[in-house]
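>>> Mind folding the following:
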Amino acid sequence: MKISNVEIKNFGILHDIEINFEADKKNIVFLNASNGGGKTTFQSALAWCIYGVKPDEEKFLSSYELKKIKIGEVVKVSTKIVLDPDQDGRISIIERAQNFEKVGNSEAKLIGNETLNVLQRNRGPGALTEPHPAPAAWLKKFFPPRLQGFFLFDGEQMTKFWEQNVKLDIESAVKEIARVDLFDSIKKKMKELEQTKFKKISKKGGGKAELLEQQRQEEVKLLEIEEAERKQTKESLNQLREGFKNLSRFMGETQNHKDDARELKSLEGQEIRLRDDIDRLKREIDFLVFSSGVVASLALKAPELFTQVAKAQQEDWLPPPFEPERVRSLLQNKECICGNSVHSGSSEEKKLHNLIERFQIASIAGKELDETHKQILILINTLKSDSRIIKEKTDHVKSLLDNQRTVRDKQSEILERLKGINANEVDVIARNYEDTHRKILDLEITEKALGESVNKRLARIESLDASIKDATKNDKEAIQLGKEVQVCKEIATAAEKIYESAIEQVRSKLEKAVSQNFDKVKLGGFQTVITDDFEVLTLKDGRKTSLSEGEKMLKGYIFSIALRDVINLNLPLVVDTPFGKLGAGFRKMVAEELAILMSGKDDKNDRQLIFSMHDLEYTPLERRYFEQAKPKEMFLANDPKAPAEKSILGEGIDPSWYLEGHWREFANAKKTK
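Residues are numbered from 1 along each chain as shown. The predicted model follows:
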């Protein structure tokens, strides 16, 4: 299915535009525009024409046309889309229109209901065009409303495609494809009918039966909760088992290397710790050697100083080794700190007076010499201590270096055995293997416990059913209601099986299609899984893995394309700002892979991609990425005569783009050639 032509009249800034997409020749079309040029308006026109989604009133009617007409005059807003071919290989024309009446200088109001027509004809000359009798039903069939989000995209939201809020869109799409709404509805109605009939039965049996029915209802609610939990546990268990198969296969191939890989990991840690300890000790030794060097240079002067001190001692001009003030205090108090008295005129008193006199007559040089002598003795003792510490630390470094050599020798031996093997990968996978196995065992215990609980609850419900039946066994109406309840159960069970089977088939096909296409982009055995609650996961070795922004966006496109293949309904893919805020590297990857994906499958040429980009998004670089797809280029630009009210259509690149930025550089480079 391809859009071959779009005609838009009086819709917002698109006053009178007719676009030929050359669908028979081109799979990729660029309809580019600067901001405010009409990209978003184009998408809105398509959404209105196909899905009936009306824009805000101020963006609906063309302000340019509104200015032209007089108050009281009526103007028609319309969008016409030509599908050539449509899903059946015919030509289909979809047209939706709405009338407005001008009621003020810049005001208009809706007149009547909008009209929708679908015209069809066979391809070839002379074919008759016929209106479809039920255009709304035709549109719903080939453009399902629940798939709108996979037909018209906003590229800036594509990197968020796999966030939690998209689950509802995917669930809706899967249900649409599987056509299961009817069976889901039947199942719910039968469950409700079953409960209603049971209440009627219980009333026939009096108070006791009603009490039993209340207990039954509580058990049924708890059963639904436990069954949902058990279903979720089973799904998680199946995912882990699938991943465990891959891990087991890998572990079987590398079992002999597991211990080596782990020892290598341990040795790497030892080697790092040894290297850090050696570096730390060397820094400490360097500091001590520097400090000791300064001390040693001072100590070199010690012999000369000792000679001077000896001479001073011989000539008795060094100060005595005490404080004069303390001696004076002793003489005044007449008592020594040892408890003995110092008597006036005694020989002890004379000796003390002589000591004070000697200190007073000692020269200043003698005092300085004495103090320097003391400091040098301290420095020499420090130097001896530092030398001992330096030797101890040096011996420690030598010991650590020996250990480091031993560790490195062991590493070399293991690396030789692991030649061609990624040891880190082996170690990580071995740990994943053990962790996954442990989780599987835990979930198996949980699943078993839930299964036993569900069975017990079913048994209690059956027992309550039997008790209610026994309480009403003599009531003919209750017996008939009991038969009807059984029929409801059987229909609900059958509907549920059909529902689950259909959903599973669609999920399985989607998983396979997305995995196959994504595997072409991201090699390495990645697997796509759509869970029971419709979350799309990317797994590696059975574990959820993260994707880059570019990979997320590309997978969003791949999912949308796979969706079309699965339902065999090849809707065009229309995207506004397709690269969002991606960097250059990711743009290249997305563009080149999309060019390949949109080339069609086998010999068919049934895919169509319509991108709308601004000048900073579609640069000469992006153009080159899409070269192999040979896309058609068109542009929307503000009409110089009415720049804020009307856009015009052109072929190729907007000439104004060549006046600045990348396109200006491109144009200048082309001229120089």
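>>> going forward, measure contacts between C-alpha atoms and count neighbours the same way
Noted.
>>> in the helix or strand residue 650 falls within, what counts as buried?
Following DSSP states H and E, one finds residue 650 within strand 647-651. Under the neighbour-count criterion of 16 or more other CA atoms under 10 Å, strand 647-651 has 647, 648, 649, 650 buried.
>>> I'd like those residues as TSV, with pLDDT and distance to residue 94 appended.
Formatted as TSV, the buried residues of strand 647-651 follow (pLDDT from 0 to 100; distance: CA to CA, whole Å):
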residue	pLDDT	distance to residue 94
647	93	23
648	93	23
649	93	21
650	93	24
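>>> Is residue 642 in a helix, a strand, or coil?
coil (DSSP: H, G, I helix; E, B strand; the rest coil).
>>> neighbours around it, how many?
11 (other CA atoms under 10 Å).
>>> dump the residue contacts of it.
residue 64 (CA atoms under 8 Å, 6 or more residues apart in numbering).
>>> Could you do residue 176 as well?
Counted by CA under 8 Å, 6+ apart, residue 176 has contacts 144, 146, 147.
>>> Take the residues you listed and keep only those in strands.
Using DSSP state E, no member of these sits in strands.
>>> Closest one to residue 545 out of those, please.
residue 147 (27.1 Å; CA to CA).
>>> re earlier: what's the spacing between the strand holding residue 650 and its chain's center?
Centroid separation for strand 647-651 versus its chain: 39 Å, with CA atoms, centre = their mean, to the nearest Å.
>>> same thing with stretch 651-667?
Put simply, stretch 651-667 sits 35 Å off its chain's centre (CA atoms, centre = their mean).
>>> On the three-state scheme, residue 123 is what?
Relying on three-state DSSP, one would call residue 123 coil.
>>> need the contact list for it.
So residue 123 contacts 89, 90, 91 (CA under 8 Å, 6+ apart).
>>> got a list of what the first one touches?
So that's residue 89. Residues counted as contacts of residue 89 (CA under 8 Å, 6+ apart) are 1, 122, 123.
>>> Take those and write them to a markdown table, including distance to residue 135 and pLDDT.
Below are these laid out as a markdown table (distance: CA to CA, whole Å; pLDDT from 0 to 100):
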| residue | distance to residue 135 | pLDDT |
| --- | --- | --- |
| 1 | 17 | 83 |
| 122 | 17 | 88 |
| 123 | 20 | 80 |
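>>> Among the contacts of residue 123, which lie within strands?
Those of these lying in strands (DSSP E): residue 91.
>>> Of the contacts of residue 123, which is the nearest to residue 482?
Using CA to CA, the contacts of residue 123 come closest to residue 482 at residue 89, 53.1 Å.
>>> Please report phi then psi for that closest one.
Dihedral pair for residue 89: phi 80, psi 10, per degrees, to the nearest 10.
>>> rewinding a little: list the neighbouring strands of the strand holding residue 650 plus their orientation.
strand 632-638 (antiparallel) (DSSP bridges).
>>> From the chain's centroid, how far away is the strand it pairs with?
Using CA atoms, centre = their mean, the offset of strand 632-638 from its chain centre is 34 Å.
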